[in-house]
Structure formats: structure tokens, C-alpha cells
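A.B. asks: need a 3D model of the following:
(one chain, ligands or ions: 1)
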Amino acid sequence: MDNSSDTRPIGIFDSGVGGLTVLQELLVKFPNESFIYLGDTARVPYGTKSPATVERYTIQVAEFLLRQGVKGLVVACNTASALGLKALRDHSSVPVLGVIEPGCLAAAGLLQEDDASQTGGGMLASHRIGVIGTHATISSGAYAWHLGRLAPGCRVTSVACPLFVPVVEEGWTSYPSAALLIRESLQAFIDHPVDFLILGCTHYPILKPRIAAVLGPATTLVDSAKAVALSLNKLLGLVIVPSPTRNFVRYYVTDSASRFREVAVRFLPQLAMDSVEVVDL
Ligand code: DGL
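C.D. replies: Residues are numbered from 1 along each chain as shown. Sure, this is the predicted structure:
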């Protein structure tokens, strides 16, 4: 499938700045595509809300992006992927990609590589996989379900780390108190180490160096951004050209553009060049 003549943008969204970790990867991988990012900053966090509320927010945000004429939607939020993806797929006129399945595929791929290098395969049951995410994502059981299918026999331990999102949204990532909070939240994985830890919230890769420092080199951290880029390529038949001919990247938020910009620009410096507009959904 060659869709190189389709110049419509790709819509991507999250409750706040977390989805920018996915966008960052997509900007590198698809230099000739245009993107519209929406951070639902007026209603962040999603992870403490009920399934019905998250589903409603997901549809509202997607409707806004669909009105902008996007050719595909990336749900760069695990919470919305866990609780709103099915309803959104029923509702959307364009292809929709969530982050949970690509993340689990990435973890399963790493498991196989690991097996091949160590034992020649067949030892999946010996692996311990940790999953961290918001309360809503963890209690949805979405990761446990996908991993049960893709990596049968693995031992999966899931832990909610609800305080990581406010730390990122407040820009407190390098404070000593953040390191302390990360250590306390990950105590289960310090007491019982895992081989792989899936960062099941798109805000968490921003804390990756801190998490790695707490868990040490025996635990491989898995984030879904690269896997999402691969899946998007398959879903939309994107053609990767070597020279950057991107038309635009547009950012929308549902509250304070300056606050979003201040935090986001620290890990996505090119955002300083683009406009951030406030919208009422
Ligand atoms: N970044 C989101 C996720 O992946 C949302 C976090 C939140 O709003 O609670 O789950």
C-alpha cells in the first residue's frame, strides 16, 4: 500500500504531555508526515477517572481531531487505549492505533531475542515481566490480557504508579523528591526483580533514567514508542522518504498553552518553533 500522495495530517493525543514521547518517535520515523497533537490538559490525569469517563473523553478528543481532517488516529495514552479504544474504533471513520498492543509486541519480541541468545528458545515461562501504569490502566487488565496471549507462561506483576504523572506534568522529574517517590512506588520490583518492566503510561519514559537508576541493569525497560511507529507504518502504509518535507506539526491543549509549552519544551525542544493553541472540546 503506497499512500504517499495522502498529505492529510495524523492525529495523536494524550491527557497531557506524555503522548509527546510517542510523537517524538513518529517525528523521527516519518519526516514527511504532518501531525496534529492534542493534550487534554484541562482534564489530566485520566488514570484516576472511571472507565465511562475515560471513554467519553477519548471520543470527544478524537472527534476534535477528526474535524481537523486527520487520516489516522494514534491514541498515545495507555489509559485511553485500555478503556476507550474499542468505542473509538467503532466511532472513527479513519484507522485507529492504541499503544498497549504495540508495547506488548515489543516486550514479547525482546523476550524471544533474550531466549534465543541465552537458551535457544522455549524458556518464556522463566521470564518475569513487570507492568507499571495508571490505576485505570492496571485495573483494566489490558496488559495482562495481551501478554497472556503474546507471551504465554510469563509471570506478570502489575503495579499502579499514579504519582508519576503529576511529577512529569509539574516538571519535577529531576527533583530529589521524585527519585524518592520512584523508589517507593517500585518497591515491589526492588524486592522481587523482573527481567522486563513495561512502561505502561506514555508519561513514564520521561522518567526512564530515574527508573533505570532504581532498578539497575538486570531489568530492561520497555517503552512502546518505537513499536507504535512500526505499527503505524503498517496501518497507514506510510512511505518513509529520506529528506524532510513535513508540512506542519500543530499542537492543541484544553488549558493553558504556556504551561504546556514550559514543561513540554524540556524534552521536545523543537516544540518551541510551533504554535500551541487552546481549544474547547
Ligand atoms: N499518559 C497517559 C497514559 O499513558 C495518561 C496518564 C493520565 O492522564 O493519568 O496512561
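A.B. asks: now Asn233: phi and psi?
C.D. replies: Backbone torsions of Asn233, given as degrees, to the nearest 10, read phi -60, psi -40.
A.B. asks: that one and Gly153, how far apart?
C.D. replies: 30 Å (C-beta to C-beta, to the nearest Å). Quick note: C-beta positions are derived from backbone N, CA and C, even for glycine.
A.B. asks: for the chain, what lies in contact range of the ligand?
C.D. replies: Proximity of the chain to the ligand, by C-beta under 6 Å from any ligand atom, involves residues 14-15, 18, 44-47, 77-79, 134, 137, 165, 201-203.
A.B. asks: what's the farthest-apart pair in these?
C.D. replies: Spatial extent of these (C-beta to C-beta) is set by the pair Val44 and Thr137 at 14.2 Å.
A.B. asks: more crowded one of the two?
C.D. replies: Thr137 (28 against 24; other C-beta atoms under 10 Å).
A.B. asks: check the secondary structure at the spatially most central residue of the chain for me.
C.D. replies: In the chain, the centroid-proximal residue (C-alpha atoms, centre = their mean) is Thr202; its distance is 3.3 Å. Three-state call for Thr202 (DSSP: H, G, I helix; E, B strand; the rest coil): coil.
A.B. asks: show the contacting residues for it.
C.D. replies: 14, 18-19, 21-22, 76-78, 99, 224-225 (C-beta atoms under 8 Å, 6 or more residues apart in numbering).
A.B. asks: of those, which belong to helices?
C.D. replies: Residues of those located in helices (DSSP state H): 21-22, 78, 225.
A.B. asks: low-confidence ranges in the chain?
C.D. replies: Counting by pLDDT under 70, the low-confidence segments of the chain come to 1-4, 111-126, 239-246.
A.B. asks: so who does the nearest residue to the residue nearest to the centre of the chain once chain neighbours are set aside touch?
C.D. replies: Nearest non-adjacent residue to Thr202, counting by C-beta to C-beta, 6 or more residues apart in numbering: Gly18, 3.8 Å away. For Gly18, the contact set (C-beta under 8 Å, 6+ apart) comprises 76-77, 165, 168, 201-204, 206.
A.B. asks: before we move on, the earlier item: ok, of the ones in helices among the contacts of Thr202, which one's closest to the ligand?
C.D. replies: Closest approach to the ligand among these (C-beta to the nearest ligand atom): Asn78, at 3.5 Å.
A.B. asks: how many neighbouring residues does that closest one have?
C.D. replies: Neighbour tally, Asn78, other C-beta under 10 Å: 34.
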